[in-house]
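In: Next comes the sequence, and after it the predicted model I'd like to discuss.
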Amino acid sequence: MTRGMTMTSTQRGGVAVRDLEPRAAATAAARRAPGRARRRRVSGGATPWVLMSPALAVLLLMTVAPAAYLIWASLRSGTLLNPASSFVGLHNYREVLTDPNVLHSLLITAAFVVVAVSVELVLGLLIAVPLASQSRSNNLAATLMLLPFAVTPAVSAMIFKELLNPNYGWVDHYMGVLGLPSQVEWLSNPGTAWVALVGLDVWQWTPFVALILMAGLQSLPHEPLEAAAIDGASTWQSFRHVTLPMLAPFLAIAVTLRTIQAVKTFDAFKIRTGGGPGDSTEIINLGVYRIALQSFRIGAASALAMVLLILLSLLVPVLLRAVGRNANPEEI
Amino acid sequence: MSAITAAGRLDGRRLATRSAGRVLLWGWLLLTMVPLVFMLATSLKPSGIAKELPPRWLFHPTLEHYRSVLTGGSGTSVGFDRLLFNSFAVTLGATLLTVGLAVPAAYALSMRTFGARKALSSWILSTYMFPPIVAVIPVFVYAGKLGLVDRYPVLIVPYAAFNLPIAVWILRSSILQIPYEIQESAMVDGASRWQVLRRIILPLLVPAIATVAILSAILSWNEFLFALSLTRSAAKTSPVGIQEFTGMYGTDWGKLTAASSVIVAPILVMTVILRRRIVSGLTFGAVK
């Protein structure tokens, strides 16, 4: 009996499972029925839980416990300096959700994520295509490509800030040499500050996207492309109608991970603009940071953090689908 | 005949596309190296010419800035040597904790007899979505109450938690790649789960553990938000500390770039060593 079960699981291993789903579900259902008692005998039941518990404890402590605290704190008045608080219901939520600054923060965060990730995706794809053909020079290129995203974000923010200094920064100087405007006060105007912030994100993260897509391109089968070439498809046609569709899972992985990382961005904004000029670059993370850790308005900050958490949790299924299933098709 | 000319014309166009691609690739690489070249060149320039425009490319390189920051010379409220040590201590602690928690967890999640493994794996992956800015509020409040502010554990534990999803997923998929029959036959021969883990799984898991350790080290070394919020001086890490090179009278370029190079150097080396496995790791193994 046990042996038969294992055989089934092993056969399921290795295969591209998506097509097998109905069958897999059936097997799982069949297994569930006599499962409990047998499982306990085979594995000693508690062993996996014992092995899991330290990691689970730390993860719960840093995710579920904070979320529980936020729910509690967001329903109460009071600040860090004046801890005597009372239950105020949804007052904090009403306050943050009707605050035009907060709505502005949420909007510009979304705009930043969409613009930065789109630019990185297009550039990353353009770079990945020439990078995907195997050659010695491409080995070197792939290594060099890695360097920007290894740089500590706080360091690259400082370096970019100095490079864009209007008095002695290299960027303005070389723009002048090329006959472009050379007195740009990058971080003093909302428009140019955004260009500078998106530019840094693109510099830092396009390589990550490019390397994901490069790995994707290298893993694609050759036959469909050869067939397209024999049928007389142009380079563009075979790229558009053969390569791109096959690359879709990798595009999904890149977009999903980059979106999550972009939403978490904090360092670059805090260091380079601090949300300014005015509040033109105050993304939601800076807003939460300011309200919680600088104004100490814990109730309001908790409500805002909960809003952010709820918005982000809507993306969890996307993460599980795009990343989880590709990382481990037979397990999720 | 006409088919051949058509193919030839197509090949010509394909060649043009290909060279355009190569120009783009190397153009991008050249452009993206500018900040790194700026950092390295300025760190070696004598103070007097650091901010000269046009930038001077020929100069006698000097190590004065490196000497100054590494011996804790002026520039930051906490000496840079101390900041580096703190970064190192926190990174080491977080890396050890991550690996120590992730290996047994990943092993449990690979057990076929563990009914909750799919749900738990998915949940662990989904915690990657959890934004640190949300966790920092309660940690800030309670660290204050418990007297943990400005001490290593208040950074080490959160960093380990943030590294865990990636670590567990990398390790679990490596364990799943080990043929299950090996474990099974060992258990038929009377080995316990613990012996299977120690004698069979761990030796085969060394490369994956190395990947996880290096990735955890990089992520912990680079972290900024928690370090900024929860340290004052005793445990302050270098990414937070270097901001102080910008003072009232502008930024000391020599010290900033020398300190930056020192911070970045170890991660650059580790990244180059890991190469493709770093991308695979950061995608939870979804990209091989």
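Out: Thanks, I have it.
In: Can you list the strands that the helix or strand bottoming out on mean pLDDT in chain B pairs with?
Out: When each helix and strand of chain B is scored by mean pLDDT, DSSP states H and E, strand B:246-247 comes last, with a mean of 76. According to DSSP bridges, strand B:246-247 forms sheet pairs with strand B:250-251 (antiparallel).
In: so what's A:V58 closest to, chain neighbours aside?
Out: Distances taken as C-beta to C-beta, 6 or more residues apart in numbering or on different chains place B:A161 nearest to A:V58, at 5.0 Å, with adjacent residues excluded. Yep, even glycine has a C-beta here, placed from its N, CA and C like the rest.
In: In the stretch 1-150 of chain B, what residue lies closest to chain A?
Out: B:G21 (3.3 Å; C-beta to the nearest C-beta).
In: For that residue, what is the enclosing helix or strand?
Out: helix B:2-44 (DSSP states H and E).
In: just A:V255 next, same as before
Out: If you go by DSSP H and E, A:V255 is part of helix A:244-264.
In: Am I right that A:L247 is in contact with A:A215?
Out: No. Between A:L247 and A:A215 there is no contact under C-beta atoms under 8 Å: 10.5 Å.
In: who has more neighbours, these two?
Out: Using other C-beta atoms under 10 Å in any protein chain shown as the criterion, A:L247 and A:A215 rank with A:A215 on top: 22 against 19.
In: wait, that one sits on B:G285?
Out: No. Under the criterion of C-beta under 8 Å, A:A215 is not in contact with B:G285, lying 11.6 Å apart.
In: Count the neighbours of A:L90 for me.
Out: When neighbours are defined as other C-beta under 10 Å, A:L90 has 11 of them.
In: do you know how far the residue nearest to it when sequence neighbours are not counted is from A:Y93?
Out: Once flanking residues are discounted, A:L90 sits nearest to A:L75: 7.4 Å by C-beta to C-beta, 6+ apart. Separation of A:L75 from A:Y93 (C-beta to C-beta, to the nearest Å): 9 Å.
In: How far does the helix or strand harbouring B:I156 sit from its chain's centre?
Out: In this structure, B:I156 sits in helix B:153-177 according to DSSP H and E. Its chain's average C-alpha position is 13 Å from that of helix B:153-177, according to C-alpha atoms, centre = their mean, to the nearest Å.
In: do the same with stretch A:102-112
Out: The chain centre lies 17 Å from the centre of stretch A:102-112; the measure is C-alpha atoms, centre = their mean.
In: now for whichever helix or strand B:V134 is part of, which elements pack on it?
Out: Using DSSP H and E, the element containing B:V134 is helix B:132-146. Applying 3 or more C-beta pairs under 8 Å, 6 or more residues apart in numbering or on different chains; DSSP states H and E, we find helix B:132-146 packed against helix A:64-74, helix A:284-289, helix A:298-313, helix B:153-177, helix B:225-230.
In: outside of that helix, which residues touch it?
Out: Contacts with helix B:132-146, where a contact means C-beta atoms under 8 Å, 6 or more residues apart in numbering or on different chains, come from A:62-63, A:65-67, A:69-70, A:73, A:80, A:264, A:266, A:284-285, A:288-289, A:292-293, A:298, A:301-302, A:305, A:308-309, B:148-149, B:154, B:158, B:162, B:225-226, B:229-230.
In: show me where pLDDT drops low in chain B?
Out: Counting by pLDDT under 70, chain B contains low-confidence residues at B:1-10, B:73-75, B:248.
In: Check chain A too.
Out: Applying pLDDT under 70 to chain A picks out residues A:1-44, A:82-84, A:329-332.
In: any idea how far the closest residue to B:H65 other than its chain neighbours is from chain A?
Out: Spatial nearest neighbour of B:H65, excluding adjacent residues (C-beta to C-beta, 6+ apart): B:A258 at 3.6 Å. Separation of B:A258 from chain A (C-beta to the nearest C-beta, to the nearest Å): 12 Å.
In: what's the burial count for A:V64?
Out: Neighbours around A:V64, by other C-beta under 10 Å: 14.
In: Who are the contact partners of it?
Out: By C-beta under 8 Å, 6+ apart, A:V64 has no neighbours at all.
In: got a markdown table for the helices and strands packed on helix B:132-146, with distance to A:V129 too?
Out: Output for the helices and strands packed on helix B:132-146, formatted as a markdown table (distance: least, C-beta to C-beta, whole Å):
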| stretch | distance to A:V129 |
| --- | --- |
| helix A:64-74 | 42 |
| helix A:284-289 | 34 |
| helix A:298-313 | 32 |
| helix B:153-177 | 28 |
| helix B:225-230 | 36 |
